[in-house]
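Engineer: what follows is a protein structure lacking sequence information:
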């Protein structure tokens, strides 16, 4: 495809992702202004929506409450200035997924560097406009951070999506030369490791989502009670519910850390884990009613779910090794195991960083899982499951280093072995998926 056309389409993708994110922030605020506080100044809608969009893209907010308000509500003057940095990750996830798809489309079009560059530049321009046109008296943001962080949230997934797609399909350029130099087409180690990492992280988030779902059914009564204690009308309930929905990805990461063992905190000196809960006073946010007050020791068995995720990741990785190399050398499996464990631990640490931050002043300045503890627990548990699968002997061979031909494994000729497992055999560039 023509590079100019690729650049235009990538730029259009960038405009769409920013516009949808801003609209998602502006819509509930508009409803609240129309039906809840119509006397409020409508000109504050855009700065408020823009600030919410920035917060959803990991930009820390510096809150400075008015002295009269602090006195009226009886807040300590020490708590009138604080940083709010616990991001509603729904905005981040949407932008990251959309950016990755944009980068993948640019790679399939054969001009991924141009597409990625065009999308990043457009997001940078739009983020700059948002930062310069949104100023609130109560909330302040650093202009550089308000531009650079949203650009990074878009740029990193966009580049990764482009690189992964170009690696699989070929780009007649630097990635093809790199593949040839590394000679990875025959071993399949890189592809097996990447697929194992993706399976492990997807499974860990799936476990977190399952824990959140069970918690909603188990602790729904406490959450409803906190809604009633807030004394808000229907519009307030809707806006409050949408706000908590924006934090659903954050809660899933917290639940994944809970399942793996380390748990998370909701303030300094607090701990929430399967081994016990020590909370003290927490904000009256309804969704925090899902936190178990006295967890059962049986919840420690949730770590077995993460071990099972590691086994699944090992199975996915070993299937790719079999497709690429019927011999499955022990060294290749050990390398893949190391890649899967390191990738899962690194991904868990990144998720913990994204899902952590400050909720308010004082002890609320620290909330979320610890990156180091979460990564260590995931590394150990995934390693146990993945090693059990990757290092076990072949079922059809008496010895660990037994060798079988592609015909034995796939039930077809060597040229069609990959097709039996969903991989197309193709030529270098533009001819389908890489083996």
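Structural biologist: Here it is on my side, so go on. Not measured: the values here are computed from a predicted model. Numbering: from 1, shown residues only.

Engineer: so residue 349: helix, strand or coil?
Structural biologist: Secondary structure, DSSP: H, G, I helix; E, B strand; the rest coil: residue 349 is helix.

Engineer: I figured it hits residue 375, correct?
Structural biologist: Yes. Using Cβ atoms under 8 Å, residue 349 is in contact with residue 375, at 3.9 Å. Where you see a C-beta, it was placed from the backbone N, CA and C, and this is true even at glycine.

Engineer: those two - which one has more neighbours?
Structural biologist: Legend: neighbour count by other Cβ atoms under 10 Å for residue 349 and residue 375, higher for residue 375 (23 against 20).

Engineer: list the contacts for that one?
Structural biologist: Each residue near residue 375 by Cβ atoms under 8 Å, 6 or more residues apart in numbering is listed here: 345, 346, 348, 349, 352.

Engineer: name the residues that touch stretch 140-153?
Structural biologist: Residues from elsewhere that reach stretch 140-153 (Cβ under 8 Å, 6+ apart): 51, 53-54, 57-62, 64, 92, 95-96, 99, 120, 123-124, 127-128, 130-132.

Engineer: wouldn't residue 292 be in contact with residue 222 here?
Structural biologist: No. If you go by Cβ under 8 Å, residue 292 and residue 222 don't touch, sitting 9.6 Å apart.

Engineer: what bits of the stretch 101-250 of the chain have low per-residue confidence?
Structural biologist: Residue ranges of the stretch 101-250 of the chain with pLDDT under 70: 170-173, 176, 179-187.

Engineer: just the strands from it, written as ranges.
Structural biologist: For the stretch 101-250 of the chain, strands defined by DSSP state E, counting those that start in this stretch occupy the ranges 139-140.

Engineer: which parts of stretch 383-395 are buried?
Structural biologist: 383, 384, 385, 386, 387, 389, 390, 394 (16 or more other Cβ atoms under 10 Å).

Engineer: and the first one, what element?
Structural biologist: If I follow you right, that is residue 383. Residue 383 belongs to helix 371-390 when assigned by DSSP states H and E.

Engineer: tell me the mean pLDDT over that helix?
Structural biologist: Helix 371-390 comes out with an average pLDDT of 95.

Engineer: cool, stretch 290-299 as well?
Structural biologist: 81.

Engineer: now do the end-to-end distance for that stretch.
Structural biologist: End-to-end distance for stretch 290-299, by Cα to Cα, to the nearest Å: 15 Å.

Engineer: give me the buried subset of the contacts of residue 375.
Structural biologist: Neighbour-count burial (16+ other Cβ under 10 Å) is assigned, among those, to 345, 346, 348, 349, 352.

Engineer: now the residues you listed as CSV including distance to residue 227?
Structural biologist: Output for these, formatted as CSV (distance: Cβ to Cβ, whole Å):
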residue, distance to residue 227
345, 38
346, 38
348, 32
349, 34
352, 29
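
Engineer: nearest to residue 18, of those?
Structural biologist: Nearest to residue 18 among the buried ones among the contacts of residue 375 is residue 352, at 26.9 Å by Cβ to Cβ.

Engineer: list the contacts for the closest one?
Structural biologist: Applying Cβ under 8 Å, 6+ apart, the residues near residue 352 are 253, 257, 368, 369, 370, 371, 374, 375.

Engineer: farthest pair within the residues you listed?
Structural biologist: The span of the contacts of residue 352, defined through Cβ to Cβ, is set by 368 and 375 at 13.5 Å.

Engineer: okay, residue 48: pLDDT?
Structural biologist: pLDDT, residue 48: 89.

Engineer: was I right about it contacting residue 29?
Structural biologist: Yes. Counting by Cβ under 8 Å, residue 48 touches residue 29, with 5.5 Å between them.

Engineer: longest single helix anywhere in the protein?
Structural biologist: Using DSSP state H to define each element, the chain has its longest helix at helix 189-230.

Engineer: of residue 48 and residue 29, which one has the most company?
Structural biologist: Between residue 48 and residue 29, counting by other Cβ under 10 Å, residue 48 is the more crowded of the two (20 against 17).

Engineer: now that one: which helix or strand?
Structural biologist: Of the helices and strands defined by DSSP H and E, residue 48 is found in helix 45-56.

Engineer: quick one: contacts of whatever helix or strand comes next after that helix?
Structural biologist: Following helix 45-56 in sequence order, the next helix or strand is strand 61-64 (DSSP H and E). Applying Cβ under 8 Å, 6+ apart, the set of residues contacting strand 61-64 from outside is 51, 54-55, 80-85, 138-142.

Engineer: cool, and stretch 282-301?
Structural biologist: Outside stretch 282-301, the residues within contact range by Cβ under 8 Å, 6+ apart are 212, 215-216, 218-219, 222-227, 229-230, 240, 244, 247, 251, 261, 266-267, 270, 272-277, 279, 359-360, 364.

Engineer: just the buried members of the residues you listed?
Structural biologist: 212, 215, 219, 222-223, 226-227, 240, 244, 247, 251, 261, 266-267, 270, 272-274, 277, 359-360, 364.

Engineer: circling back: nearest to residue 312, of the contacts of strand 61-64?
Structural biologist: Within the contacts of strand 61-64, the smallest distance to residue 312 is 33.6 Å, found for residue 85 (Cβ to Cβ).

Engineer: and the closest one, how far from residue 95?
Structural biologist: Distance, residue 85 to residue 95, using Cβ to Cβ, to the nearest Å: 17 Å.

Engineer: and these two? which has more neighbours close in?
Structural biologist: residue 95 (24 against 18).

Engineer: pretty sure that one sits in a strand.
Structural biologist: No. With three-state DSSP as the criterion, residue 95 is assigned helix and is not in a strand.

Engineer: show me what contacts it?
Structural biologist: Residue 95 touches 17, 21, 57, 150, 153, 154, 157, counting by Cβ under 8 Å, 6+ apart.

Engineer: in helices, which of those residues fall?
Structural biologist: Per DSSP H, the contacts of residue 95 map to helices at 17, 21, 150, 153, 154, 157.

Engineer: ok, the fifth one - contacts?
Structural biologist: Going back to what we said before, that points to residue 154. Residue 154 neighbours (Cβ under 8 Å, 6+ apart): 14, 17, 95, 96, 99, 119, 120, 123.

Engineer: a markdown table for those residues, including distance to residue 314?
Structural biologist: Listed next are these as a markdown table, based on distance: Cβ to Cβ, whole Å:
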| residue | distance to residue 314 |
| --- | --- |
| 14 | 38 |
| 17 | 35 |
| 95 | 32 |
| 96 | 26 |
| 99 | 30 |
| 119 | 35 |
| 120 | 36 |
| 123 | 37 |
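
Engineer: tally of neighbours for residue 2?
Structural biologist: Residue 2 - counted by other Cβ under 10 Å - has 11 other residues nearby.

Engineer: now the one 3 residues further on
Structural biologist: Using other Cβ under 10 Å, the number of residues around residue 5 comes to 13.
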